[in-house]
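Student: Give me the fold of what follows.
(one chain, ligands or ions: 2)
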Amino acid sequence: MTTETAQVPSMADWTPKSWQHLSAQQQPQWIDVDEYESAVNELRLKPPLVFAAQTRALTEQLARVSQGKGFLLHAGDCAESFAEFSADKVRDQIKVILQMSVALTYSTGLPTLKLGRIAGQYAKPRSSTTETRDGVELESFRGDIVNGIDFTFDSRRPDPQRLIQAYNQAAATHHLIDSFTKGGFADLAQVHRWNLEFVGTSDEGQRYDQLSTEIDRAMRFMAACGIDLSKERQLHEVDLYTSHEALLLGYEEALTRLDTLSGGWYGTSAHLLWIGERTRQLNGAHVHFLAGLQNPLAVKIGPSASPDDVLALCRALDPDRRAGRLTLVSRMGASKVEQCLPAIVRAVKKSGHPVVWACDPMHGNTYQHESGYKTRHFDTVMEEIAKFFGVCHGEGVWPGGVHIELTGDNVTECLGGGDEVTGSDLDSRYETLCDPRLNARQGLDLAFRLAELMRQ
Ligand code: PEP
Ligand code: CO
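Tutor: Ligands and ions are numbered 1, 2, ... in the order given. Got it, this is the predicted structure:
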């Protein structure tokens, strides 16, 4: 990992391509280089998926979160799938995020900033470049943007056409998000309808239903007081921003555009881009590339990060100490967060970087169940969040958000929760392409428990 003494590469010569001079971890070996170049060149001509002004609006919202005036709900898939893509799936994913944000906002009185791991979350870092089964060794699955999950030579071969398919699916997903969030579906008057069928009958579904009834009553009260609710945009539309791990730098470079208004470079594949735990080397290509973009950024911080490593990342990625620019996502694991995080928070606070502190309670708590499935337990997820809150309070910083892997489907990938998924249930609907996700009931359960934690 990064070291205290490492030098940050010069930013004076930054261009969207300058990362190519640095070592880039986790990049696939594209076998047909001409085909790869032609796919990337095709992407360079495509329209942006998000616009600079929206990206700036997200930075402003994150700045408010960094000041304790809001809470970040960063949630979505671990790895979006090409095969499973449909309008219904996107709608259900949005439903859970809307439900969770209503539960949080209603209980805490704070605005919830909604940021999806969606519309571009296709590339996965891997701990090993190959996978061996029954003596056969093939390239690891690196996400649908690179290769297929089936364990055959053809499927695992990195295919540059997938970069184009990822762009097209991300474009369609952005379009669906706009339609669902701005076209009436996200109207607060519809709050009852967001309750997914399989959630409705559960404890947390009923609790949500009660809350929706109270919201309805509050809206009727406001209307009776003479307030024209039809004029209040915030009651009828929501902003759901997009994000993904900026892992494949060729793809991200090809979608980087110069904003004529501000003169700055923007990554236009999503509003926020993040650097994962495996690619946050201070002298590496990922940190260098993202440092040159104007988008808000996030970095995952695992237990191997020292306070000096994190300070160096803050200096590289947020040299101007701009509120909303940088979110630090702690993903230590429930057993390590109290030991590893306090010194980091203390150092960053002292340095004056106005970061958003967020907790990813998923990636440090993954383990292999005896059935062979990778899983996470809901209680451990909650435990890490509670300990993260404790550390933030102890150090006098605002615990600004959570970063969660979830789906709107009734999957059985994580154990526990109000749903009480057990080890023997894992086999029934284990559908993730990569890491185990909370299902919608578990997501809503998490939001209610989180709200209680925040009220304390
Ligand atoms: C992820 O968010 O899916 C991921 C791989 O996380 P991390 O970089 O924290 O391991
Ligand atoms: Co993951």
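Student: who in the chain is up against ligand 1?
Tutor: 78, 125, 245, 276-278, 300, 331, 360, 363, 435 (C-beta under 6 Å from any ligand atom). Where you see a C-beta, it was placed from the backbone N, CA and C, and this is true even at glycine.
Student: In CSV, list those along with neighbour count.
Tutor: Formatted as CSV, the residues of the chain next to ligand 1 follow (neighbours: other C-beta atoms under 10 Å):
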residue, neighbour count
C78, 20
P125, 17
E245, 26
G276, 22
E277, 20
R278, 18
K300, 24
R331, 24
D360, 27
H363, 20
D435, 18
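Student: measure whichever residue of the stretch 1-150 of the chain sits closest to ligand 2 to W274 for me?
Tutor: Closest contact between the stretch 1-150 of the chain and ligand 2, by C-beta to the ion, is at C78 (3.6 Å). C78 sits 13 Å away from W274, going by C-beta to C-beta, to the nearest Å.
Student: follow-up on the earlier one: can you redo the residues of the chain next to ligand 1 as CSV with pLDDT and distance to L261?
Tutor: CSV is the format used below for these (pLDDT from 0 to 100; distance: C-beta to C-beta, whole Å):
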residue, pLDDT, distance to L261
C78, 98, 35
P125, 98, 34
E245, 98, 27
G276, 98, 30
E277, 98, 34
R278, 98, 35
K300, 98, 31
R331, 98, 35
D360, 98, 33
H363, 98, 37
D435, 97, 38
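Student: Tell me the one of the residues you listed nearest H286?
Tutor: G276 (8.1 Å; C-beta to C-beta).
Student: Could I get the phi/psi values of the closest one?
Tutor: Dihedral pair for G276: phi -80, psi 170, per degrees, to the nearest 10.
Student: And P158, by the same measure?
Tutor: Per-residue torsions, P158: phi -60, psi 130 (degrees, to the nearest 10).
Student: Where does the residue of the stretch 1-150 of the chain at minimum distance from ligand 1 sit: helix, strand or coil?
Tutor: Residue of the stretch 1-150 of the chain nearest ligand 1, by C-beta to the nearest ligand atom: C78 (5.0 Å). When classified by DSSP: H, G, I helix; E, B strand; the rest coil, C78 comes out as coil.
Student: so who does it touch?
Tutor: Listed by C-beta atoms under 8 Å, 6 or more residues apart in numbering, the contact set of C78 reads 117, 121, 124, 405, 432-437.
Student: again, 10 Å this time
Tutor: 117, 121, 124, 143, 362-363, 405-407, 413, 432-437 (C-beta atoms under 10 Å, 6 or more residues apart in numbering).
Student: For it, which non-adjacent residue is spatially closest?
Tutor: Once flanking residues are discounted, C78 sits nearest to D435: 4.0 Å by C-beta to C-beta, 6 or more residues apart in numbering.
Student: just C434 next, same as before
Tutor: A79 (4.1 Å).
Student: thought that neighbour was touching G120?
Tutor: No. If you go by C-beta atoms under 10 Å, A79 and G120 don't touch, sitting 11.2 Å apart.
Student: Spit out the residues that contact the two alike.
Tutor: Taking C-beta under 10 Å, 6+ apart as the criterion, A79 and G120 both touch 145, 244-245.
Student: Dump those residues to a markdown table, plus secondary structure.
Tutor: Shown next, in a markdown table, are the shared contacts of A79 and G120 (three-state DSSP):
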| residue | secondary structure |
| --- | --- |
| I145 | coil |
| H244 | strand |
| E245 | strand |
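Student: of those residues, closest to S107?
Tutor: H244 (28.9 Å).
Student: right, and that closest one touches G116 too?
Tutor: Yes. Contact criterion C-beta under 10 Å: H244 and G116 qualify, at 9.1 Å.
Student: hey, what's in contact with both of the two?
Tutor: 76-77, 270, 272.
Student: circling back to that earlier point, mutual contacts of C78 and W274, please.
Tutor: In contact with both C78 and W274: R117, using C-beta under 10 Å, 6+ apart.
Student: still on that earlier bit, can you tell me which of the shared contacts of A79 and G120 is nearest I385?
Tutor: E245 (20.9 Å).
Student: Now that closest one: closest residue in space that isn't a chain neighbour?
Tutor: G276 (4.9 Å).
Student: From V329, how far out is the residue of the stretch 151-300 of the chain found nearest ligand 1?
Tutor: When scored by C-beta to the nearest ligand atom, the stretch 151-300 of the chain has G276 as its residue closest to ligand 1, at 3.0 Å. According to C-beta to C-beta, G276 and V329 sit 10 Å apart.
Student: overlap in contacts of those two?
Tutor: In contact with both G276 and V329: 298-300, 302, 363, using C-beta under 10 Å, 6+ apart.
Student: can those residues go into TSV with extra columns for secondary structure and distance to ligand 2?
Tutor: Formatted as TSV, the shared contacts of G276 and V329 follow (DSSP: H, G, I helix; E, B strand; the rest coil; distance: C-beta to the ion, whole Å):
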residue	secondary structure	distance to ligand 2
A298	strand	14
V299	strand	15
K300	strand	10
G302	coil	13
H363	coil	6
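Student: Lovely, talk soon.
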